[in-house]
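From the sequence below, what's the structure:
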Amino acid sequence: MKKILFIEDEAVLQKTVSEVLVNHDYEVLQALDGEIGLRIAREKQPDLILLDLIMPRKNGFEVLEELKQDETTKHIPVIVLTNLEGPEEVERVLNAGATTYLVKANYSLEEVLQKVKDTIA
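Numbers count the residues shown, from 1 in each chain. Okay, the predicted model is just below:
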């Protein structure tokens, strides 16, 4: 069973997306802030990380940079799932090593699921 870490501070969104993933036979690990997310990523070595950018304690930009600089986590694909949609943000996260960038408001749960499947098939 593929393991996905979802780092997202909005509990309702975290629950909704996680339920969809679990129903499609993924194991979902959850973190409500970036610091916890980094710790879980290092300890559990997920197959994929879904990452929000705007979070307390450590934002998604910082988390992504740390993940990609760490020998133990740099290989893990990261899908950024956020409401920031400016070209600067998109360029910054893709340059930092994100696999893809999804704007929450523009994607359905089915499309997010398809991106997950495409990334870790």
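
quick one: low-confidence parts of this structure?
By pLDDT under 70, the chain has no low-scoring segment.

What sits closest to Met1 if chain neighbours are left out?
Ranked by C-beta to C-beta, 6 or more residues apart in numbering and with sequence neighbours excluded, the top spatial neighbour of Met1 is Glu27, at 5.0 Å. Bear in mind the C-beta positions are built from the backbone N, C-alpha and C, glycine included.

ok, which stretches of the protein are strands?
For the chain, the strands defined by DSSP state E occupy 3-7, 27-31, 48-51, 78-82, 100-103.

so Thr73 makes contact with Leu67?
Yes. Thr73 is within contact range of Leu67, at 4.6 Å (criterion: C-beta atoms under 8 Å).

Need the residues touching each of those two.
With contacts defined as C-beta atoms under 8 Å, 6 or more residues apart in numbering, the residues shared by Thr73 and Leu67 are Ala41.

Between the two, tell me which one has more neighbours.
Using other C-beta atoms under 10 Å, the more surrounded residue of Thr73 and Leu67 is Leu67, with 26 against 19.

send the alpha carbons of stretch 46-63 over as PDB?
What follows is stretch 46-63, C-alpha atoms only, in PDB (Å, rounded to 0.1, in the frame of the first residue of the first chain):
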ATOM      1  CA  PRO A  46       6.200   8.300   2.500                       C
ATOM      2  CA  ASP A  47       5.900   7.600  -1.300                       C
ATOM      3  CA  LEU A  48       4.400  11.000  -1.900                       C
ATOM      4  CA  ILE A  49       3.900  14.300   0.000                       C
ATOM      5  CA  LEU A  50       0.900  16.600  -0.500                       C
ATOM      6  CA  LEU A  51       2.000  20.000   0.800                       C
ATOM      7  CA  ASP A  52       0.100  23.300   1.500                       C
ATOM      8  CA  LEU A  53       2.200  26.500   1.400                       C
ATOM      9  CA  ILE A  54       0.500  28.700   3.900                       C
ATOM     10  CA  MET A  55       0.800  27.100   7.300                       C
ATOM     11  CA  PRO A  56       1.800  28.000  10.900                       C
ATOM     12  CA  ARG A  57       5.200  27.400  12.400                       C
ATOM     13  CA  LYS A  58       7.000  26.400   9.200                       C
ATOM     14  CA  ASN A  59       5.500  27.300   5.800                       C
ATOM     15  CA  GLY A  60       5.400  25.100   2.800                       C
ATOM     16  CA  PHE A  61       8.200  26.900   1.000                       C
ATOM     17  CA  GLU A  62      10.500  26.100   4.000                       C
ATOM     18  CA  VAL A  63       9.300  22.600   4.200                       C
END
